[in-house]
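Q: Model the structure of this input:
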Amino acid sequence: MADDARDETPQERADRNWNDLLQELRVSQTGVQVLAGFLVTLPFQSRFGELDSFQRGWYVGLLALAFATVAVMLSPVAIHRRVFQDDAKPELVQAGHRLTSVALGMIAVLMGGIFFLVVDMVFDRAAAAAGAAGAAVVLAGLLLVLPKRVAGAS
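A: Residues are numbered from 1 along each chain as shown. Model prediction:
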């Protein structure tokens, strides 16, 4: 149903959209924070010393990406704190939408990168590359193609 089909004021629409966005952020933030927590614990595991220099570099890159993703996902809340009661809800929703879209892309890259690192540790780099390519296809299908098809069907 299009927004125009609802009987609501622009402010009510912005409030509804903000609440919808917050629900999406709650779900995805939890997952990203669990992934970041997982990455933070890795150096304290006994096998971490077995990583070669490539794997350590990959790990540090993933750790940086995880923290950047958490920051991007927290940004809509920080913006909300700054513009609270400034009658800027439509702008807040637009900024939150853009940041959440960026965060979804970052999450996909993070998940693929973690998949690569784990498979590289368990098997080898060729298996990791093949698995990560497969993961990228699945993630692209679920995060890009499926939403586009659903939007096209409505």
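
Q: Count residues in the vicinity of G113, would you?
A: For G113, the neighbour count with other Cβ atoms under 10 Å is 20. Placement of C-beta: from N, CA and C, glycine included.

Q: unless I'm mixing things up, it is touching W58, no?
A: Yes: counting by Cβ atoms under 8 Å, G113 touches W58, with 7.0 Å between them.

Q: ranges for the helices of this protein?
A: Listed in chain order, the helices of the chain (DSSP state H) span 10-41, 53-83, 89-122, 125-140, 146-153.

Q: For R47, which of those is the nearest?
A: Comparing the helices of the chain against R47 with Cβ to Cβ, the closest turns out to be helix 89-122 (7.4 Å).

Q: That closest one to helix 53-83, inter-axis angle?
A: Between helix 89-122 and helix 53-83, the angle comes out at 160 degrees (axes from the mean of the first three to the mean of the last three Cα atoms, to 10 degrees).

Q: hang on, the earlier thing: could the helices of the chain be laid out in JSON lines, adding mean pLDDT and distance to R47?
A: Shown next, in JSON lines, are those (pLDDT from 0 to 100; distance: least, Cβ to Cβ, whole Å):
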{"stretch": "helix 10-41", "mean pLDDT": "91", "distance to R47": "12"}
{"stretch": "helix 53-83", "mean pLDDT": "95", "distance to R47": "11"}
{"stretch": "helix 89-122", "mean pLDDT": "95", "distance to R47": "7"}
{"stretch": "helix 125-140", "mean pLDDT": "96", "distance to R47": "16"}
{"stretch": "helix 146-153", "mean pLDDT": "93", "distance to R47": "36"}
